[in-house]
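Student: need a 3D model of the sequence below.
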Amino acid sequence: MNGPEQPLGGKAIDVADLKKGARITGNTRDKLAADLKKKYEKGSSIRALAESTGRSYGFVHRVLSESGVQLRGRGGATRVKKK
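Tutor: Model (predicted):
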């Protein structure tokens, strides 16, 4: 994709309109949530989504949680208790 436009539900939304810290509500939030959910389920990380939208990690995490997405674990090696 070129430039700051990201497809959202068939419409393009200019990420510059989603200024950092500005409230995103109503239809705009629903469209953003659907787009983030689709990208996350295809394998994008929360950090990558936050960077691409110019929003914080916490915002993206909250929107995904509100959308009913099953969040992935952190990955990496897990600790095993010694017996």
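Student: may I see the buried residues of the top helix by length along the chain?
Tutor: Counting residues, the longest helix found in the chain (DSSP state H) is helix 26-41. For helix 26-41, the neighbour count (16 or more other C-beta atoms under 10 Å) marks Lys31, Leu32, Ala33, Asp35, Leu36, Lys37, Lys39, Tyr40 as buried. C-betas here are computed from N, CA, C, even on glycine.
Student: now render the residues you listed as TSV, adding pLDDT and distance to Tyr57.
Tutor: Below are those laid out as TSV (pLDDT from 0 to 100; distance: C-beta to C-beta, whole Å):
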residue	pLDDT	distance to Tyr57
Lys31	94	20
Leu32	93	15
Ala33	94	16
Asp35	96	17
Leu36	96	12
Lys37	96	16
Lys39	96	15
Tyr40	95	13
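Student: which strands or helices does the longest helix of the chain pack on?
Tutor: When contacts are defined as 3 or more C-beta pairs under 8 Å, 6 or more residues apart in numbering; DSSP states H and E, helix 26-41 sits against strand 5-8, strand 11-14, helix 46-53, helix 57-66.
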